Every structure is written in C-alpha cells, then in structure tokens.
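[1] Sequence and predicted structure below; questions after.
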Amino acid sequence: MNINSSLSHRSKEPENSALYIVGTPIGNLNDLSFRAINILKNVSLIACEDTRQTLKLLNRYEITNTLLSFNMHNSQNRISKIIHELKNQKSVALVSDAGMPSICDPGEDLIKKVKSNELEVICIPGPCAAITALVSSGLPSSSFIFMGFLPKKKTERNKFLSEISKSEKTILLYESPYRLKKLLIELREHCGGEREIQVFRELTKIHEENVGNNLNMVLNFFEAQEIKGEITLVIKGVEMQDEELNNLSLKKELIELINAGLSLSAASRYLAKKKSVKKSIIYNLYEDL
Ligand code: SAM
C-alpha cells in the first residue's frame, strides 16, 4: 500500500516546486487573505482562468506578476507547461475567476497531475460561494451534499432531482440567473412547494440578497422579475419521520401495491426496503388510512 504523507513546514513562502491553490474573493475584493496576497506577489507565475478578471484583483493589491491563462480549452497543454516549470524549481499559483479553484472551476486535473509527479500542492483557502451560502442559511450544516450545477440532460437531471427530493441532508446547488426559475419549478414538482429553501444572490457584493422560506414563496418572489447576478441555492433536507408529504407519497404507493394484488405484509416489506425505513412505519401508515 502506498502512503502519501506530507508534513507542514511553511516557514518561508512560496516554496520552490510547489503549486499553490489560492482561494480568491467571490465578489468583495477585500476578501483576500494576507497569505494569498503574499503568494500571488511572490510566486514565479499565476495560472488563471481569465486574465482580465484576475488583473482586476491584482490591480486592487498592486500586484504585478506573470499571468498564464489556464482554462478548460487549453488545460491539457498548460498542465504540461506548469509541471515543467515546477520541475525547474519554479512556484506556481492557481486561481479561478472567483472562489476556490476546482469547485466547479478548472483545477482538478492539474492538481491530480502535480501530485502524481510527486510535486507539492499547497492550498491557501479562501471564500467559496457554496459554503458562504450554507453557513448564512442557518440550515443544518454539519452534514450536507454539494451538487454544483445540475446536469442538463433530462434523465440525469431527473435522477438528481429525485435524490434531492429524498435527501435528509442539506443540498447546495449553483445555478445561472437565466435558469433559476426553471430549476425552482422543477424543484417544486419533485419536492413539493412546502420544502424549505434559501436562495442567495450576489453574495458579498453590493446587491447581496437572501430570499428564503419555502419553494412556493421563493418562486412567487422571483416570478415577476428579471433575475440577475450569481445564484447559490440551499435546500433543507427532509425530516423523514414526520414529513407529511413523504408520508402521503408512501401511502399512495402502498395503496397502489395492495390494489395491484400484494398482501399488506409483502407491500410493506417492499416499500420499507425501497425507502430504507422500518417496516413498522409502513404498517402504521396503513392504520392511518
Ligand atoms: N469556484 C467558485 C466557488 O468556490 O464558489 C464557484 C465557481 S462556479 C463556475 C460559479 C457559480 O458559483 C455561479 O454561477 C454561482 O452559482 C456561484 N457563485 C459564485 N459567486 C457567487 C456569489 N457571489 N453569490 C452567489 N453565488 C455565487
């Protein structure tokens, strides 16, 4: 078994032959750490998604450094170049347009490749829209599921929506303002209008906005307006034991199975297994009918 171990020995930064993954602001340019500024000033080069975007940040901190464009179109070629630089004792910072690189942004392939070349990867943590929204929502945050942008293909998308409808954990989603209404309608279809949701728009920026309550109310709020800005959604997980809607759909399925000819015991056993709940819960539902 291979064991990868790396000890912290960060007395002088940046170190040679290290790739620094640097978190940058998600809006408010003041959200850049001292450590990040030092790294961006002193690495040999900065790999960034869009040079114009990164220049805005560098200008704010009077940082002049070499930029190398690194995006999904040129990443394969640029990965080889960055590895070459690192092997020649250079240090490289990787930033994205906003937030943490590699979170719905380029970086994953590069990081993997750098590690497989036994070169060092050091993360300078910074803001992430998903985590900022989660902690601002007040919804359960000790266990959650981050799904990023939902897939566009219908079958795959429906699989995710169905997973969200049943999830007991808080769900975090990214969405573009142009597709928000469509997503909210789909979420209501799958989860019911009473499901709790918080929508965060333009986090950390001047027009920062938090619209929250349940899907019915949030849809109502956005219905009549043109939506602009960046959006992150936080959806509360279902409370399995006392969730009315869930019980209703279980009752419906139970009746369908019994009408199709299954005994109460067989139908309960089948549903209990399918929904990962105790058989007695299904029996009790039948008694309520
Ligand atoms: N790497 C970034 C991070 O760490 O959050 C995410 C990049 S992803 C390409 C961009 C998406 O993140 C946006 O479409 C939006 O859903 C979300 N996002 C980014 N900045 C945001 C902000 N200020 N407020 C709300 N959502 C934001």
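    Great, that's in hand. Because the structure is a prediction, the values reported are computed rather than measured.

[2] which one is residue 208 nearest to, not counting chain neighbours?
    In space, and not counting its chain neighbours, residue 208 is closest to residue 202: 5.0 Å by CB to CB, 6 or more residues apart in numbering. For glycine as for every other residue, the C-beta is placed from the backbone atoms N, C-alpha and C.

[3] And for the one you found, the neighbour number?
    As a burial measure, residue 202 scores 18 neighbours (other CB atoms under 10 Å).

[4] wait, doesn't it sit right on residue 209?
    Yes - Residue 202 lies in contact with residue 209 (CB atoms under 8 Å); the separation is 6.3 Å.

[5] gap between the closest residue to residue 143 other than its chain neighbours and residue 237?
    Closest residue to residue 143 apart from its sequence neighbours, by CB to CB, 6+ apart: residue 169 at 5.2 Å. For residue 169, the distance to residue 237 (CB to CB, to the nearest Å) stands at 5 Å.

[6] overlap in contacts of the two?
    Common contacts of residue 169 and residue 237, defined by CB atoms under 8 Å, 6 or more residues apart in numbering, comprise residue 140.

[7] Comparing the two, which residue is more hemmed in?
    residue 237 (20 against 17).

[8] Is that one in contact with residue 172, as I believe?
    No - here residue 237 lies out of contact with residue 172, judged by CB under 8 Å, at a distance of 11.3 Å.

[9] Can you show me the strands along the stretch 51-200 of the chain?
    Assigned by DSSP state E, counting those that start in this stretch, the strands in the stretch 51-200 of the chain fall at 67-69, 92-95, 120-124, 144-148, 170-175, 196-201.

[10] Could you export the ones you listed as TSV, including mean neighbour count and distance to residue 34?
    Formatted as TSV, these follow (neighbours: other CB atoms under 10 Å; distance: least, CB to CB, whole Å):
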stretch	mean neighbour count	distance to residue 34
strand 67-69	16	21
strand 92-95	28	15
strand 120-124	17	10
strand 144-148	16	28
strand 170-175	21	28
strand 196-201	22	27
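
[11] circling back: gap between the residue nearest to residue 208 and residue 224?
    Relative to residue 224, and taking CB to CB, residue 202 is found at 19 Å.

[12] what does residue 205 give?
    Applying CB to CB to residue 205 and residue 224 gives a distance of 23 Å.

[13] And for residue 262?
    Taking CB to CB, one finds residue 262 at 47 Å from residue 224.

[14] With neighbour numbers in mind, choose between those two.
    Ranked by neighbour count (other CB under 10 Å), residue 262 and residue 224 place residue 262 first, with 16 against 6.

[15] and this structure, which residues reach the ligand?
    Applying CB under 6 Å from any ligand atom, one finds that the chain approaches the ligand through 26-27, 96, 98-100, 103-105, 128-130, 174-176, 200, 202-205, 230-232.

[16] Skipping adjacent residues, who's closest to residue 247 in space?
    For residue 247, ignoring the flanking residues on the chain, the nearest one in space by CB to CB, 6+ apart is residue 285 at 6.1 Å.

[17] Show the low-confidence segments of the stretch 101-250 of the chain, by residue range.
    240-246 (pLDDT under 70).

[18] Which parts of it are helices?
    Along the stretch 101-250 of the chain, counting by DSSP state H, counting those that start in this stretch, helices occupy 108-116, 129-137, 154-166, 180-191, 215-223, 244-259.

[19] Can I get those in TSV including mean neighbour count and distance to residue 60?
    Below are the helices of the stretch 101-250 of the chain laid out as TSV (neighbours: other CB under 10 Å; distance: least, CB to CB, whole Å):
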stretch	mean neighbour count	distance to residue 60
helix 108-116	16	25
helix 129-137	20	20
helix 154-166	14	37
helix 180-191	18	29
helix 215-223	16	32
helix 244-259	15	48
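
[20] tell me the domain ranges of this protein?
    18-127, 130-235, 242-288 (automatic domain parsing).

[21] Next up, the contacts around the nearest residue to residue 233 once chain neighbours are set aside.
    Counting by CB to CB, 6+ apart, residue 173 is the residue found nearest to residue 233 once chain neighbours are left out, at 4.4 Å. By CB under 8 Å, 6+ apart, the contact set of residue 173 is 147, 148, 149, 150, 183, 232, 233, 235.

[22] what's the spacing between residue 173 and residue 258?
    Taking CB to CB, one finds residue 173 at 37 Å from residue 258.

[23] No further questions, thank you.
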